[in-house]
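Trainee: Predicted model and sequence follow; I will ask about them next.
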Amino acid sequence: HVQLVESGGGSVQAGGSLRLSCAASGYAFSLYCMVWFRQAPGKEREEVAEIDNDGRSRHADSVKGRFAVSRDNPKKILYLQMNNLKPEDTAMYYCAAARYCNTILDGYWGQGTQVTVSS
């Protein structure tokens, strides 16, 4: 069965860095679009970054220049390198997978990993 397991979250001070990982299993990882979302308490879910099966990526304006999404297809792992973290980056971060990026909301989702950034 399909599993997406996020890890790497934690508590850091503003200006710090974290690298999130999403380990995937149960489907053809290399063929799927992979996306990072986040949701803070009381706020709407936000797409942070996505990378398609050709390796093309895009990032939300709020994280451009600070975050970088990447994937390791042989290892079936999705990454999110987060640098220069800000308190407003505090949220639960989720990875998601779908055959096509425009169907991600109907795809597979992980359980999330918490990121907390203090000022």
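Mentor: Yes, it's here.

Trainee: what's the distance between residue 14 and residue 105?
Mentor: To residue 105, residue 14 is 31 Å away according to Cβ to Cβ, to the nearest Å. Quick note: C-beta positions are derived from backbone N, CA and C, even for glycine.

Trainee: To clarify, my last question referred to residue 73.
Mentor: Distance of residue 73 to residue 105, given as Cβ to Cβ: 23 Å.

Trainee: before we move on, which element is the closest residue to residue 23 other than its chain neighbours in?
Mentor: Spatial nearest neighbour of residue 23, chain neighbours left out: residue 5 (4.8 Å); criterion: Cβ to Cβ, 6 or more residues apart in numbering. Under the criterion of DSSP states H and E, residue 5 resides in strand 3-7.

Trainee: Next one: the residue nearest the centre of the chain, what pLDDT does it get?
Mentor: The residue lying closest to the centre of the chain (Cα atoms, centre = their mean) is residue 36, at 2.7 Å. Residue 36 is assigned a pLDDT of 98 by the prediction.

Trainee: can you offset everything so residue one is 52?
Mentor: Taking 52 as the first residue, the last one we looked at is residue 87.
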